[in-house]
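# pasting a predicted model and its sequence here:
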Amino acid sequence: MNSTPFPATPTHSAYDVVVIGGATSGSAVAWYLATNPDFTGSVLVVERDPSLKNSATMASNNCMRQQFATEINIEIAQYAAEFVKNFRENLGGGSEIPHLPIRNFGYLYLADNDEFAETLRQDKRLQASAGAGTTILSREEIAAKYPFYRVDDIVAGSLNTVDEGAFDALVMVDWYRRKAREHGVDYIENEVVSISRTGDRIDTLTLASGEVIAAGTVVDAAGTRAAHVARMAGVDLPIEARRRYTYIFSAERPLAQDLPLTIDPTGVHMRSYGAYDYLVGCPPSHDDPAVDVDDFDYPEDVWENKMLPVITKRLPELGAVTVTDSWVGHYEFNTFDHNAIIGPHTEVPNLFMCNGFSGHGSQQAPACGRGVAELITYGEFRTLDLSALSHRRIAENRPLVERAVI
């Protein structure tokens with residue numbers, strides 16, 4: 001991350017837009033506002049921990065995929081892929097800006113029963129209608145293409161290797177922050193501790209350091225703390241922190257080709273990480289409870305009891321494997337329908353949402369950050385219509401369920 005420190009106090013006592021949360025989604029909103037010539041207001045980003053040490057951004061597996069079960073998420077993913085592939089040009093074209101390639105090893109969903117295989121076929125038809133390159137493979141085709149798998153229990157698989165794999169999400173957020181600040185956005189290391197409303201509108205925010213900031217528009221991009229921020233404004237959001245475990249391991253016999261991000265029927269997923277090592281991740285072993293946003297403990301047996309048996313069974317060619325690193329991250333899990341919440345709250349029209357990504361924030365931030373910036377600037381979406389993800393669906397109890405959540 002950029003080592004340039006953030007000041008603790010804001011430059012001004014009033015801003016046109018205050019973004020609460022300076023990780024991926026908040027910095028995307030700030031950058032899109034700051035670089036839009038039609039937006040002439042002031043922007044403040046309040047980030048409690050600029051290192052992002054315990055953020056979903058820092059724990060991200062940096063994934064990129066189009067294999068979703070809702071059309072809007074496919075379109076958001078396609079926007080992200082194009083944005084990342086043209087990252088230097090999109091960030092201004094300077095030679096100091098890195099290229100940000102996608103490592104296209106692909107995603108492979110494995111089905112061990114006919115019912116889930118049919119679900120994959122249905123999703124493939126939707127993905128194809130949106131221009132995604134998903135294909136359905138038989139057990140024999142999987143074995144021929146990836147001979148290192150054990151697939152005797154597999155019925156079919158869903159594979160796409162076009163703009164699906166991984167990218168460096170931390171580089172993206174670092175440069176969002178750098179360029180937003182270059183374009184006049186104020187970032188501070190501080191925390192919003194209270195929000196004042198008059199009627200249905202937010203007036204001011206109080207910082208932990210005591211300053212009171214007047215705000216025309218507030219953007220809740222606080223990740224797993226988004227529900228806490230909303231409660232300070234007097235409203236509820238269906239967002240919880242949910243644990244996700246990641247391990248990096250080396251193998252006695254590394255594969256001769258990249259391992260696609262493979263979603264096993266058990267819920268464990270694994271993929272190539274570096275040149276010769278691998279990443280494996282999973283939710284908790286039994287249920288998937290909400291946890292405190294500061295709770296990063298994890299059971300010592302998650303590797304032995306959940307991950308290692310799947311690796312050993314599905315990838316016997318690897319031989320003995322050795323853990324080299326591990327971490328726990330949190331999804332900002334939208335319990336309503338597993339989808340992002342984008343745009344104004346129905347009860348507080350100057351409180352904008354950019355949260356609830358449920359594990360997809362790194363790849364959805366470009367489209368959703370731009371969408372929120374467009375709503376603030378123009379009062380409408382102009383690049384990609386994200387209205388299906390508005391808060392109104394929650395207020396009206398109309399879930400748009402995304403079942404393809406890992």
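Cool, the structure landed.

# rest of the way, CA atoms for contacts and neighbours
Noted.

# pretty sure residue 40 is in a helix, no?
No. Read with DSSP: H, G, I helix; E, B strand; the rest coil, residue 40 is coil and lies in no helix.

# contacting residues for it?
Taking C-alpha atoms under 8 Å, 6 or more residues apart in numbering, we find residue 40 in contact with no residue.

# run through the stretch 201-350 of the chain and note the low-pLDDT ranges.
Low-confidence segments of the stretch 201-350 of the chain (pLDDT under 70): 285-286, 300.

# and with 50 instead?
Along the stretch 201-350 of the chain, no part satisfies pLDDT under 50.

# do a quick rundown of the strands in it.
201-207, 212-220, 239-251, 261-263, 269-272, 277-282, 290-291, 321-334, 341-344 (DSSP state E, counting those that start in this stretch).

# mean neighbour count and distance to residue 118 for those - can I get that in CSV?
Converted to CSV, the strands of the stretch 201-350 of the chain look like this (neighbours: other C-alpha atoms under 10 Å; distance: least, C-alpha to C-alpha, whole Å):
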stretch, mean neighbour count, distance to residue 118
strand 201-207, 20, 47
strand 212-220, 23, 38
strand 239-251, 22, 27
strand 261-263, 24, 16
strand 269-272, 24, 20
strand 277-282, 22, 24
strand 290-291, 15, 31
strand 321-334, 20, 26
strand 341-344, 27, 29
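
# tell me which of these lies nearest to residue 306.
Closest of the strands of the stretch 201-350 of the chain to residue 306 is strand 277-282, at 8.2 Å (criterion: C-alpha to C-alpha).

# output the longest helix belonging to the protein.
helix 361-378 (DSSP state H).

# quick one, that one and strand 212-220 angle?
120 degrees (axes from the mean of the first three to the mean of the last three C-alpha atoms, to 10 degrees).

# quick one: contacts for the residue nearest in space to the middle of the chain?
Central residue check for the chain by C-alpha atoms, centre = their mean: the C-alpha nearest the mean position is that of residue 361, 1.6 Å away. Residue 361 makes contact with 24, 25, 57, according to C-alpha under 8 Å, 6+ apart.

# and it, how close does it get to residue 136?
From residue 361 across to residue 136, the span is 27 Å (C-alpha to C-alpha, to the nearest Å).

# can you pull out the helices in the stretch 1-150 of the chain?
Here the stretch 1-150 of the chain has its helices, by DSSP state H, counting those that start in this stretch, at 24-34, 71-85, 87-90, 114-129, 139-145.

# out of the ones you listed, which comes closest to residue 46?
Per C-alpha to C-alpha, nearest to residue 46 of these: helix 24-34, 9.2 Å.

# return the distance of the closest one from the chain's centre.
Taking C-alpha atoms, centre = their mean, to the nearest Å, one finds the center of helix 24-34 at 14 Å from the center of the full chain.

# and for stretch 244-257?
23 Å.

# measure that stretch end to end?
27 Å.

# so what touches it?
Contacts for stretch 244-257 (C-alpha under 8 Å, 6+ apart): 148, 273, 276-284, 298, 303, 317-331.

# before we move on, what about stretch 305-321?
148-151, 249-255, 264, 266, 268, 280-282, 285.

# give the buried residues for stretch 377-395.
Neighbour-count burial for stretch 377-395, counted by 16 or more other C-alpha atoms under 10 Å, picks out 377, 380, 381, 386, 387, 388, 389, 390, 391, 392, 393, 394.

# adding secondary structure and pLDDT, write these out as TSV.
Formatted as TSV, those follow (DSSP: H, G, I helix; E, B strand; the rest coil; pLDDT from 0 to 100):
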residue	secondary structure	pLDDT
377	helix	98
380	coil	98
381	coil	98
386	coil	98
387	helix	98
388	helix	97
389	helix	98
390	coil	98
391	coil	98
392	helix	98
393	helix	98
394	helix	98
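
# of all the strands of the stretch 201-350 of the chain, which one is nearest residue 43?
With distances scored as C-alpha to C-alpha, the stretch of those nearest to residue 43 is strand 212-220 (9.4 Å).

# what about that closest one, distance to the chain center?
24 Å.

# same check on stretch 354-365?
With C-alpha atoms, centre = their mean as the basis, the mean position of stretch 354-365 lies at 3 Å from the chain mean.

# what distance separates the start and the end of that stretch?
8 Å.

# thinking again about what came up before, can you tell me which of the helices of the stretch 1-150 of the chain is packed in deepest?
Highest mean neighbour count of these: helix 24-34, a mean of 29 (counted as mean count of other C-alpha atoms under 10 Å).

# what helices or strands is that helix leaning on?
If you count contacts as 3 or more C-alpha pairs under 8 Å, 6 or more residues apart in numbering; DSSP states H and E, helix 24-34 packs onto strand 14-20, strand 43-47, helix 169-182, strand 351-355, helix 361-378.

# next, the angle strand 43-47 makes with that helix.
170 degrees.

# and the contacts of helix 24-34?
Here helix 24-34 has contacts from 19-21, 39, 43, 45, 57, 172-173, 176-177, 179-180, 183-185, 219-222, 354-355, 361-362, 365-366, 368-370, 372-374, 377, using C-alpha under 8 Å, 6+ apart.

# now restrict those residues to buried residues only.
Here, 16+ other C-alpha under 10 Å leaves 19-21, 43, 45, 57, 172-173, 176-177, 179-180, 184-185, 219-222, 354-355, 361-362, 365-366, 368-370, 372-374, 377 buried among these.

# can I get the CA coordinates of stretch 222-241 in PDB?
Provided in PDB are the C-alpha atoms of stretch 222-241 (Å, rounded to 0.1, in the frame of the first residue of the first chain):
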ATOM      1  CA  ALA A 222     -17.500   0.900   5.400                       C
ATOM      2  CA  GLY A 223     -17.400  -2.800   4.500                       C
ATOM      3  CA  THR A 224     -18.100  -5.000   7.400                       C
ATOM      4  CA  ARG A 225     -18.800  -1.900   9.500                       C
ATOM      5  CA  ALA A 226     -21.500  -0.700   7.000                       C
ATOM      6  CA  ALA A 227     -24.400  -1.700   9.200                       C
ATOM      7  CA  HIS A 228     -22.800   0.100  12.200                       C
ATOM      8  CA  VAL A 229     -22.500   3.300  10.100                       C
ATOM      9  CA  ALA A 230     -26.100   3.000   9.000                       C
ATOM     10  CA  ARG A 231     -27.300   2.600  12.600                       C
ATOM     11  CA  MET A 232     -25.600   5.800  13.500                       C
ATOM     12  CA  ALA A 233     -27.800   7.400  10.800                       C
ATOM     13  CA  GLY A 234     -30.900   5.700  12.300                       C
ATOM     14  CA  VAL A 235     -31.400   3.000   9.700                       C
ATOM     15  CA  ASP A 236     -30.700  -0.700   9.400                       C
ATOM     16  CA  LEU A 237     -28.700  -2.700   6.800                       C
ATOM     17  CA  PRO A 238     -28.700  -6.500   6.500                       C
ATOM     18  CA  ILE A 239     -24.900  -6.700   6.500                       C
ATOM     19  CA  GLU A 240     -22.900  -9.000   8.800                       C
ATOM     20  CA  ALA A 241     -19.200 -10.000   9.000                       C
END
